[in-house]
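**Student:** Prediction below, plus the sequence it came from.
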Amino acid sequence: MTTLSKLPAPLLAWYGAGHRSLPWRQEVSPYRTWVSEIMLQQTRVAAVIPYFERFMAALPTVEALAAVDEPTLLSLWQGLGYYNRARNLRLAAKKIVGFHGGQFPQTYEEIRMLPGVGDYTAGAIASIAFGLPTPAVDGNVLRVVARLTDCHDNVLAPATRRRVTEALAAVIPHDHPGDFNQALMELGATVCLPNTAPMCEACPCRAFCQGFAHGTAAALPVREKKEGRRKEEKTVFILRHGEYEAVRYRGEEGLLASLWEYPNVAGTLTESEAAAQLAQWNVTPHKWVKKAKEKHIFTHIVWEMTVYIIDIMGDGLKEWQWRDAYNAHFYPMPTAFSKLSK
Ligand code: SF4
């Protein structure tokens, strides 16, 4: 990958001449870099910004994060999805406070040992917060490198990721490793875009980009087909009593653990089957307000939901709670459900 040896100088010059102003770049600390990188996994920058600012206002230090209770943590995370990221953040904060004396670990290996921190995140924190020359290779970076080097290897294969990491480790500038990694991410996010033609005319690397020279850039990277997602059908009941809606706890294990949901059952129920289900729950429909179809896509599963919104009489099951706009923060609900009442 000799092409990559030409990368640092123009990339850093381009990044230095102007880049997006993001809250975690304005004030850099290991804690802020870490939280932002965890939030940015699976989530777009624009969506993360308000969550990041709210999180930092509520939990400005690693000690505050270690001490926070789970409902408060999950309500700060509500809407970002992939809630295990939040739980791992708190676990890691407890480890930093309890095991590292409140000092963020300063080597790549120790950072990598924190719960929820993978190779990419450890590389990003080590380089941005501690100036260590560690590459940070995510899908964005794999795409840019595949195009720069006109590489047709499957970027989903661990061996490809390993090769790219080694190749970047050989060229990352030791005096500006954090800027180099961020510049590469910035290039992938703003110029060498995914799922569309890259904006090569605006790219600082065009002169030596092999994908551009060979006209292959738009077809790269090569991604082996993902396995299809499993479909699950559900019937979800939004049962309203005045301003209140019935919610129940999802339990401590499995998908979306420790969160709250609307009562639901497996399968797609017709209205008469839904009415029979209500009778089993000891509630009487007063008014059927709306029926809708909704979909929610997780990494490996798609929920296909039939949603009934019903005004009811009766108290329902004793394990249900009643949520309204004022007490909603006690009952954090994942987007898969909260979006249904809108
Ligand atoms: S020249 Fe085009 S394909 Fe090559 S790195 Fe730049 S934007 Fe990507």
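**Tutor:** That came in fine, so what should we check first?
**Student:** gap between the nearest residue to Ile301 once chain neighbours are set aside and the ligand?
**Tutor:** Excluding the flanking residues, the one nearest Ile301 by CB to CB, 6 or more residues apart in numbering is Arg230, at 5.1 Å. Every C-beta, even on glycine, is put in place using the N, C-alpha and C of the backbone. From Arg230 across to the ligand, the span is 35 Å (CB to the nearest ligand atom, to the nearest Å).
**Student:** residues contacting Arg230?
**Tutor:** Residues near Arg230 by CB atoms under 8 Å, 6 or more residues apart in numbering: 300-302.
**Student:** Would you list the phi and psi of it?
**Tutor:** phi -80, psi 140 (degrees, to the nearest 10).
**Student:** Adjust the sequence numbering to begin at 419 for everything that follows.
**Tutor:** Fine by me, first position is 419 from now on; the one you just mentioned is Arg648.
**Student:** Go ahead and confirm Ala484 touches Arg508.
**Tutor:** Yes - between Ala484 and Arg508 there is a contact at 6.8 Å, judged by CB atoms under 8 Å.
**Student:** who touches both of these two?
**Tutor:** Common contacts of Ala484 and Arg508 (CB under 8 Å, 6+ apart): none found.
**Student:** Name the residues of stretch 503-518 that come out as buried.
**Tutor:** Across stretch 503-518, burial judged by 16 or more other CB atoms under 10 Å covers 503-505, 507-508, 510-511, 513-515.
**Student:** swap in stretch 679-698?
**Tutor:** By neighbour count on 16+ other CB under 10 Å, the buried set for stretch 679-698 is 679-683, 687, 692, 695-696.
**Student:** Output these in JSON lines, with secondary structure appended to each entry.
**Tutor:** Shown next, in JSON lines, are the buried residues of stretch 679-698 (DSSP: H, G, I helix; E, B strand; the rest coil):
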{"residue": "Glu679", "secondary structure": "strand"}
{"residue": "Tyr680", "secondary structure": "coil"}
{"residue": "Pro681", "secondary structure": "coil"}
{"residue": "Asn682", "secondary structure": "strand"}
{"residue": "Val683", "secondary structure": "strand"}
{"residue": "Leu687", "secondary structure": "coil"}
{"residue": "Ala692", "secondary structure": "helix"}
{"residue": "Gln695", "secondary structure": "helix"}
{"residue": "Leu696", "secondary structure": "helix"}
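**Student:** No further questions, thank you.
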